[in-house]
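> Whatever this is, show me its structure:
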Amino acid sequence: MLANKSFEREFQIKAYFVYGVAMYICFYHLISNAMLAQMQGPPFIFKDTEWVYQLYLATGIPQFITSHSVLSSVFDISLLVTTVGFLLSRNRIFAVLFTLAALNYFLTYNLVTGHHYHGLVGLLVISLPFWFKSEQRFNFSWEAVRYYFLYIFSSAGLWKVLRGSAFYHDQLSNILKQQQINLLLQNPSGYKAHVAQFLISHTGFSHALILANVVLQLSFAIGFFTKKFDRFLFWFAILFVAANLFVMGILSMELLILNLTLLNWEKVEAYLIKKEIVTVE
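The predicted structure follows:
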């Protein structure tokens, strides 16, 4: 049983938001032809050097799943079934099963594509608090997810400073030359190509953009000391993801599910009650 009516309502509201976004992420991957059933029968699975992937490959699970279309479809459907099951029952077994299904998808997707796509990490991490129905454990793990989100951004900014890449004048220009070469050759008249060409040619502006990015990322460190600026960090995260897509062509939209930990849930709850979307018993 949940501790009290107030916490039960908060738990339910967060569950609807988190798992609602999770369903959207799964739908996005479906229309992007990136679900396991849509990657069925890959010509080869990449041998990764990281021990987690090596261990998972050793079990034979990803190879077995991707070689059987019915089984891969079952695992895809399990993401939806566990999501709906949890929302209807709020039984933590469905939350645990969802995390395991998402973990299987995350590892198998990366092994098949041969690319460490980190956006799905957010989906895994934010599902963990819902393993607990104890108010104390849930709140503790929810806060832990918030700190993890802050760490992702602030450590990325700190890494650029400590490595010195933030102070290398041609850093962004050189990255774009390498990363956007296909875009520049195949669609040089597109607006994204024009943006890349401008940043490559104007190294002073592109360097200023790198420095602005570092400042934005480092600003998340303030969240370790206070929540007063969480509403700004919420929009900073969205700005970063949008700019990253526009400039670098890197999509990390799924990571924004962690942005939910920066919301003022008391205000969200009060708004939903005022609009009679949720009721107070």
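> and stretch 229-236, C-alpha only, in PDB?
Extracted in PDB, the C-alpha atoms of stretch 229-236 (Å, rounded to 0.1, in the frame of the first residue of the first chain):
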ATOM      1  CA  PHE A 229      16.800  27.400 -10.600                       C
ATOM      2  CA  ASP A 230      15.300  24.100 -11.700                       C
ATOM      3  CA  ARG A 231      12.700  25.800 -13.900                       C
ATOM      4  CA  PHE A 232      15.600  27.500 -15.800                       C
ATOM      5  CA  LEU A 233      17.500  24.300 -16.100                       C
ATOM      6  CA  PHE A 234      14.400  22.600 -17.400                       C
ATOM      7  CA  TRP A 235      14.400  24.900 -20.400                       C
ATOM      8  CA  PHE A 236      18.200  24.900 -20.700                       C
END
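> Outside of that stretch itself, list whatever touches it.
150, 153, 216, 219, 220, 222, 223, 259, 262, 263, 264 (Cβ atoms under 8 Å, 6 or more residues apart in numbering). The way it works is simple: take the backbone N, C-alpha and C, and place the C-beta from them, glycine included.
> Would you mind confirming that the third one makes contact with residue 239?
Spelled out, that is residue 216. Yes. Proximity of residue 216 to residue 239 meets the contact threshold set by Cβ atoms under 8 Å, at 7.2 Å.
> more neighbours, those two?
Taking neighbours as other Cβ atoms under 10 Å, residue 216 and residue 239 compare with residue 216 leading, 18 against 12.
> secondary structure element for the nearest residue to that one once chain neighbours are set aside?
Counting by Cβ to Cβ, 6 or more residues apart in numbering, residue 236 is the residue found nearest to residue 216 once chain neighbours are left out, at 5.6 Å. Using DSSP states H and E, the element containing residue 236 is helix 230-243.
> burial count for the residue nearest to residue 216?
Count around residue 236 with other Cβ under 10 Å applied: 18.
> Distance of it relative to residue 135?
As for residue 236, its distance to residue 135 is 30 Å (criterion: Cβ to Cβ, to the nearest Å).
> repeat for residue 188
For residue 188, the distance to residue 135 - Cβ to Cβ - is 57 Å.
> Looking at these two, which is more packed in?
Between residue 188 and residue 135, residue 135 has the larger neighbour count (other Cβ under 10 Å), namely 16 against 11.
> surely the more buried one meets residue 7?
Yes. With contacts counted by Cβ under 8 Å, residue 135 reaches residue 7, the gap being 4.6 Å.
> What score does residue 22 have for pLDDT?
In this model, residue 22 is scored at 92, pLDDT.
> ok, now which ones touch it?
Neighbour list for residue 22: 79, 83, 98, 102, 123, 127, 257 [criterion: Cβ under 8 Å, 6+ apart].
> what kind of secondary structure is it in?
Taking DSSP: H, G, I helix; E, B strand; the rest coil as the rule, one finds residue 22 in the helix state.
> then stretch 84-95 to CSV, C-alphas only?
Extracted in CSV, the C-alpha atoms of stretch 84-95 (Å, rounded to 0.1, in the frame of the first residue of the first chain):
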residue,chain,number,x,y,z
VAL,A,84,-0.3,-0.1,-19.4
GLY,A,85,-0.2,-2.7,-16.7
PHE,A,86,1.6,-0.4,-14.3
LEU,A,87,-0.6,2.6,-15.0
LEU,A,88,-3.7,0.5,-14.4
SER,A,89,-2.6,-1.4,-11.3
ARG,A,90,0.4,0.6,-10.0
ASN,A,91,1.8,-2.8,-9.1
ARG,A,92,5.6,-2.5,-8.9
ILE,A,93,6.1,-5.8,-10.7
PHE,A,94,5.1,-4.1,-13.9
ALA,A,95,7.6,-1.3,-13.3
